[in-house]
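*Asks:* Fold the following, please.
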Amino acid sequence: MHHPDFKRGSFDLNFIENNPELLEKRFTTASIAASDPDLESYGQKYDHIEGYLKYIANLAVNGHPTSLGADPALVKSVNNQDVAAPSIVEIEGILAKSKKNMMIGEGLNAPQWRKILREHGPNALATAVRSHQNVLVTDTTWRDAHQSLLATRMRTADILKAAEATNVAFKASDVFSIEMWGGATFDVSYNFLRECPWERLEKLREAAPDMLFQMLLRGANAVGYTVYPDNVVYEFCKQAYESGNDVFRVFDSLNYIENMQLGIGAAVASGGFVEAAICYTGNVTSNDPNNKYDLAYYLDYAQQLVDLGTHALAIKDMAGLLTPKATKMLVSELRAKFPDVPIHLHSHDTAGMALASMYAASEAGADIVDGAIDSMSGLSSQPCLGALVAALGDRNNIDLDALQVLNEYWESVRHQYSPFEVQQLNAAIGSSVYKHEIPGGQYTNLLFQSKQLGLSGRFAEVKKAYQMANILLGDIPKVTPSSKVVGDLAQAFLNLKISPEELVDNASNLPLPQSVVEYFQGALGPPPGGFPEPFRTNVLKGRPLKDGRAMFEGRPGAELKSYDFTTAEANLKKAYGDTRITKKEVLSHALYPKVFKDFMEFEKTYGKGIIEKLPTHLFLRPLSEGEEAHLHLGPGKDYYIRLSSIDKFNEDLGTRVVTLEVNGEKWFIRTPDTVTTLQSTMVGGAAPKRREKKDPTEKGSVGTPMPGMIVAVSVKEGDEVKEGQTLFKLSAMKMETEIKAPMAGVVTRVTVEQNDSVEGDDLLALIIPK
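*Replies:* I've put the predicted structure just below:
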């Protein structure tokens, strides 16, 4: 009765014969609802197991989307056993016998940083940090470590399993905070892991109540890649503090003080502890008279941050450029200038120098240094936390034996994420970072994007192109989102196969990434030293802002109207229901409207919170026919799921029926086969032919600079176009590129439509002189 074909009256006498699964007692209404969105209300009555089965069936049929970044060969090798949580009993036993633990006891020397903040405020916490005798550390394992090594793909379930044990091991130690939120984790949670980032924060807060939680805030960009209305940033920080975050490390990707004023103001207003970050680039020890990133630059910027009311100063060394000599110079000068302000150092171990620099910082007067747990450290991540503790000796009371219990857990978990390990990473990093300055958190994404754009095996060229792109853009600090601008230009530079001089001279007509155009329009603010000429002028030629101006004047976000939260909330409740939408969902939609909408569509298909409860091996690895997996959902809720078969492709429906046995009972899940459908030009048809390539000898032959998807077509056959006029927009790996007319004339052919996928050098249009 609930079959969509039956409800629509679209059936004949062969209806039962064509749908034999209807005769089975466990044919799932979920499979019907998957093909009929009108049955949502009926679908809400599904047995709770069906969402999991639908996901498992879909994964078996379609695998993961390429955008997830998981190596298909390595996905198959993921161990199908769940990783056990670290033993709290073992950690408590170790601490009970620890001499370091006995020394701090329960007296005044036992640091209780979160209690100080929440009961006495951020200024009291700053005073307590400065008066503390030992060197404190921040553990980045829960955020920046996996962002740098695993493209931010660590799931909440695996962090949550370690949370209680981490709280026990660290709560009475010289661990200042756990960095666990913000940065790329927000959109990746929605976009790739299919999780709610707010729930991650709140669940971890509940499991580790004694630890200071720290997030990374991109100033006026919040946790996004663009600017937002001021009230969005303020409301976001307020909600983050209410949901359990304590410390806000605030930075601006260009060290633009106007953007920092907004970010610091929003974080201070939330009640949290604010670390204003100095984004470090270049070489502070250089005697080059043209070195704009000298000691005076950093001290002046630090003074401006202190004047804005920050509670602490952070040095954010995104690429691991600090040497011990540079660290000693910078930290000692900051300590002398700001004796009452805590100093916190963050770096990456790209060149293998970070541990020495952290130790130098501790000697020069830094209060807090960053490290990642041993099995999640090194390479483009942070320095090894265990080695850092050992080096500090009596100046830090973290118990190494307790730390090893946590480390053994993370070592096993990291094996589960091997599909996200970039195999070229070991060879790609090293002392060349002092030339190209690629941030540690960008390596894995840049390697993956290079592969997707047809640049596999050419990462040495990518690094050189990145260095050149940085110089062309004005030698700027590189951290999200400015690092994305440099990376986008570097890859476009390689695809265009032209010299830097040709790039600058012909910038007005070249298909430049949208991020590069927006950078020169001032969307991120001005870079240190100003925009380079004549590159800026050439890029902006024919590319005005929507209001006709060439570029923004001052802080871009200041021009934006306040976000209408009331209207947005009403619209979202109308779309998704009153009980589903809270202030947190409204904020997520304000920051990432499309990403949030896609997440809600995914949730509508599989159910709320379903994916978060799957063990990582079931989330990542498709079951093979005949294989069985165990799903534990709580006391008395154990399911043994066996993939019995995957039926042949139904050409009429574009689906396959997946047969799963759940505790011995058969379930039939009709699953859309998107892979087979995309491989055909029509139902049952042949695979599409390869597109015609552009003719490099014809000036009017317009082609794609790189693989991607056409997201906008602004021309049709017969149109007259001007040189430099935008014809198409191409989206590729988070880059949006305008493809412009190389000459004036008449368009005689247009070979693509919106949403078409294209390869590099595919022909898009032909233009002939008028």
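*Asks:* Dihedrals phi and psi, Tyr576?
*Replies:* Dihedral angles of Tyr576 (phi, psi; degrees, to the nearest 10) stand at phi -120, psi 0.
*Asks:* now do Leu631
*Replies:* Here Leu631 shows phi and psi, under degrees, to the nearest 10, equal to phi -120, psi 120.
*Asks:* Which residue is the nearest non-sequential neighbour of it?
*Replies:* Tyr639 (4.5 Å; CB to CB, 6 or more residues apart in numbering). C-beta: built from backbone N, CA, C; applies to glycine.
*Asks:* Surely the one you found is in a strand?
*Replies:* Yes - assessed with DSSP: H, G, I helix; E, B strand; the rest coil, Tyr639 lies in a strand.
*Asks:* show me the contacts for the spatially most central residue of the chain.
*Replies:* Residue closest to the average C-alpha location in the chain (CA atoms, centre = their mean): Ala184, at 2.9 Å. For Ala184, the contact set (CB atoms under 8 Å, 6 or more residues apart in numbering) comprises Gln147, Thr152, Gly441, Thr480.
*Asks:* picking that back up, which pLDDT value goes with the residue nearest to Leu631?
*Replies:* Listed pLDDT for Tyr639 reads 93.
*Asks:* and Val232, that's in a helix?
*Replies:* Yes - checked against three-state DSSP, Val232 lies within a helix.
*Asks:* thought it was touching Gly224?
*Replies:* No - counting by CB atoms under 8 Å, Val232 does not reach Gly224; the two are 9.2 Å apart.
*Asks:* Need the overlap of contacts for those two.
*Replies:* Leu591.
*Asks:* of the two, who's got more company?
*Replies:* Neighbours were counted for Val232 and for Gly224 using other CB atoms under 10 Å; Val232 has more, 23 against 20.
*Asks:* Check the spacing between the more buried one and Lys54 real quick.
*Replies:* From Val232 across to Lys54, the span is 34 Å (CB to CB, to the nearest Å).
*Asks:* any idea which element Pro730 lies in?
*Replies:* Not Pro; residue 730 is Leu. Here Leu730 sits within strand 726-732, counting by DSSP states H and E.
*Asks:* What number of residues are in the vicinity of the residue nearest to Leu631?
*Replies:* Neighbours of Tyr639 (other CB under 10 Å): 15.
*Asks:* Give me the phi and psi angles of Gly609.
*Replies:* phi 70, psi 0.
*Asks:* Could you give the number of residues near it?
*Replies:* 13.
*Asks:* what separates it from Gly265, distance-wise?
*Replies:* Taking CB to CB, one finds Gly609 at 35 Å from Gly265.
*Asks:* swap in Gly454?
*Replies:* 44 Å.
*Asks:* what's the answer for Glu603, then?
*Replies:* For Glu603, the distance to Gly265 - CB to CB - is 34 Å.
*Asks:* list the contacts for Phe213?
*Replies:* Ser177, Ile178, Met180, Trp181, Leu201, Leu204, Arg205, Gly244, Asn245, Asp246, Val247 are the contacts of Phe213 under CB under 8 Å, 6+ apart.
*Asks:* Tell me if it really is in a strand.
*Replies:* Yes - under three-state DSSP, Phe213 falls within a strand.
*Asks:* by contact count, what packs against the helix or strand hosting Val462?
*Replies:* Counting by DSSP H and E, the element that carries Val462 is helix 459-472. Here helix 459-472 touches helix 433-436, helix 443-452, helix 482-496, helix 500-505, going by 3 or more CB pairs under 8 Å, 6 or more residues apart in numbering; DSSP states H and E.
*Asks:* For the second one, name the packing helices and strands.
*Replies:* I take that to be helix 443-452. Short answer (3+ CB pairs under 8 Å, 6+ apart): helix 443-452 packs on helix 146-150, helix 425-428, helix 459-472, helix 482-496.
*Asks:* Can you show me the CA trace of the shortest one as PDB?
*Replies:* What follows is helix 425-428, C-alpha atoms only, in PDB (Å, rounded to 0.1, in the frame of the first residue of the first chain):
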ATOM      1  CA  LEU A 425      53.500  13.200   2.700                       C
ATOM      2  CA  ASN A 426      56.700  11.700   4.000                       C
ATOM      3  CA  ALA A 427      58.500  12.600   0.800                       C
ATOM      4  CA  ALA A 428      56.800  16.000   0.400                       C
END
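*Asks:* by contact count, what packs against it?
*Replies:* helix 443-452.
*Asks:* Can you show me the CA trace of the helix it packs on as PDB?
*Replies:* Extracted in PDB, the C-alpha atoms of helix 443-452 (Å, rounded to 0.1, in the frame of the first residue of the first chain):
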ATOM      1  CA  TYR A 443      49.700  19.700   3.000                       C
ATOM      2  CA  THR A 444      47.200  16.900   2.900                       C
ATOM      3  CA  ASN A 445      44.500  18.900   1.100                       C
ATOM      4  CA  LEU A 446      47.000  20.300  -1.400                       C
ATOM      5  CA  LEU A 447      48.400  16.800  -2.200                       C
ATOM      6  CA  PHE A 448      44.800  15.500  -2.600                       C
ATOM      7  CA  GLN A 449      43.700  18.400  -4.800                       C
ATOM      8  CA  SER A 450      46.900  18.100  -6.900                       C
ATOM      9  CA  LYS A 451      46.000  14.500  -7.600                       C
ATOM     10  CA  GLN A 452      42.400  15.400  -8.500                       C
END
